[in-house]
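[1] 3D model of this:
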Amino acid sequence: MEEWENTLKEIFNEIDDYLEDMYGGLYPLHPSRSSRGATANKSYDGLFDVGASFSAGYGSQYGRGWIFDIHIATLTQVSSDIRDKIYDDAVRILQALLSEHYPDRNIRVEKDGSVFKIFGDLKILYKKPD
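    Sure thing, here's the model as predicted:
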């Protein structure tokens, strides 16, 4: 489980860097948010906070998995067109990096209702220690 979470964090950091490079200058930061690179954790600075939280999958067509989320730290209204573009880019990168890190697994990212979900062959979490 720890290995999976560390890998996700690395992937999210890569996505965060991409989003900051592409979209970071479009909106002013929330007044309480540090500028990009000002903290030791990308989740606490810059315009984006990329992450996921586990979902048991009740009511989901895909079952259990991780809900992928991007928080945009600004007080400015972000249009749905820009938000969709940001998510499209992020999901494309997320799927590519998951496939790269876990080529022997069928781990996918799909729209699940109003959210994006990471799901599939998650046996990596239940691997018994050697």
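[2] can you give me the helices for the chain?
    For the chain, the helices defined by DSSP state H occupy 2-23, 80-101.
[3] Between the ones you listed, which has the poorest mean confidence score?
    Ranked by mean pLDDT, the helices of the chain bottom out at helix 2-23, which scores a mean of 93.
[4] Could you save the helices of the chain as CSV and add columns showing distance to K123?
    C-beta: built from backbone N, CA, C; applies to glycine. CSV is the format used below for the helices of the chain (distance: least, CB to CB, whole Å):
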stretch, distance to K123
helix 2-23, 11
helix 80-101, 14
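[5] Pipe these into CSV and attach mean neighbour count and distance to Y58 per row.
    Below are those laid out as CSV (neighbours: other CB atoms under 10 Å; distance: least, CB to CB, whole Å):
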stretch, mean neighbour count, distance to Y58
helix 2-23, 16, 21
helix 80-101, 15, 23
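[6] quick one: which of those is nearest L29?
    helix 2-23 (11.0 Å; CB to CB).
[7] could I have that closest one exported to PDB, CA atoms only?
    Output in PDB follows, covering the C-alpha atoms of helix 2-23 (Å, rounded to 0.1, in the frame of the first residue of the first chain):
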ATOM      1  CA  GLU A   2       2.900   2.400   0.900                       C
ATOM      2  CA  GLU A   3       4.600   1.700  -2.500                       C
ATOM      3  CA  TRP A   4       1.300   2.400  -4.300                       C
ATOM      4  CA  GLU A   5       0.800   5.700  -2.400                       C
ATOM      5  CA  ASN A   6       4.400   6.800  -3.000                       C
ATOM      6  CA  THR A   7       4.000   6.000  -6.700                       C
ATOM      7  CA  LEU A   8       0.700   8.000  -6.900                       C
ATOM      8  CA  LYS A   9       2.400  10.900  -5.100                       C
ATOM      9  CA  GLU A  10       5.300  10.900  -7.700                       C
ATOM     10  CA  ILE A  11       2.700  10.800 -10.600                       C
ATOM     11  CA  PHE A  12       0.700  13.600  -9.000                       C
ATOM     12  CA  ASN A  13       3.800  15.700  -8.700                       C
ATOM     13  CA  GLU A  14       4.600  15.200 -12.400                       C
ATOM     14  CA  ILE A  15       1.000  16.200 -13.200                       C
ATOM     15  CA  ASP A  16       1.200  19.200 -10.900                       C
ATOM     16  CA  ASP A  17       4.400  20.400 -12.700                       C
ATOM     17  CA  TYR A  18       2.800  20.000 -16.100                       C
ATOM     18  CA  LEU A  19      -0.300  21.900 -15.000                       C
ATOM     19  CA  GLU A  20       1.700  24.700 -13.400                       C
ATOM     20  CA  ASP A  21       3.800  25.100 -16.600                       C
ATOM     21  CA  MET A  22       0.700  25.100 -18.800                       C
ATOM     22  CA  TYR A  23      -1.900  27.000 -16.700                       C
END
